[in-house]
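[1] quick one, fold the following:
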Amino acid sequence: MAARRAYAAATLALLAAALVLSAAPVEGAVSSCGQVIGYIAPCLTYAMGNAPKPSGNCCSGVQSLNSAAASAADRQTTCNCLKQRAGGVGGLRPDLIAGIPGKCNVKIPYAISPNTDCSKVH
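    Numbering: from 1, shown residues only. I've put the predicted structure just below:
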């Protein structure tokens with residue numbers, strides 16, 4: 001039963017990502033969680049533990065998201081979205097999610113964790 005719920009949650013997450021990907025992210029600003037998910041959707045396979053490392057598309061998305069999140073407000077929006085997703089979607093492994101920026105050689109000014117205080121991100 002738990003496996004079925006995890007599968008359903010993962011399927012829902014993939015469907016949501018597919019819907020978001022149908023609209024291209026706007027470069028230079030991050031105004032919604034949907035935009036954040038659009039950038040990082042290629043990371044889902046790795047974040048679920050189904051790939052040994054983040055894909056090239058995943059890293060490109062992370063790099064683009066980091067570039068787009070230029071203001072403190074953008075970084076806080078991104079942080080809040082990642083924080084919610086890291087702890088709230090079944091099948092995703094928070095330990096893997098937290099390591100994606102480092103594996104993609106992207107430095108971000110906060111940890112991706114359910115415990116991060118995004119209001120302190122600047």
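[2] so where's the protein uncertain?
    Residues of the chain that meet the criterion pLDDT under 70 lie in 1-28, 86-89.
[3] show me where this structure has strands.
    For the chain, no strands are identified by DSSP state E.
[4] all helices for the chain, in order.
    Taking DSSP state H as the test, the helices found in the chain are 2-21, 33-40, 44-47, 56-68, 72-88, 94-103.
[5] can you list the residues that contact the fifth one?
    Residues from elsewhere that reach helix 72-88 (Cβ atoms under 8 Å, 6 or more residues apart in numbering): 29-33, 36-37, 40, 65, 68-69, 92, 94, 97-98, 108-110, 112-114, 116, 118-119, 121-122. Every residue, glycine included, has its C-beta placed from N, CA and C.
[6] please check the residues you listed and keep the buried ones.
    In those, burial by neighbour count holds for 30, 33, 36-37, 40, 65, 68-69, 92, 94, 97-98, 108, 110, 112-113, 116, 118, 121, counting by 16 or more other Cβ atoms under 10 Å.
[7] stretch 57-70: which residues count as buried?
    Neighbour-count burial for stretch 57-70, with 16+ other Cβ under 10 Å as criterion, is recorded at Cys58, Cys59, Gly61, Val62, Ser64, Leu65, Asn66, Ala68, Ala69.
[8] perfect, I'm done here.
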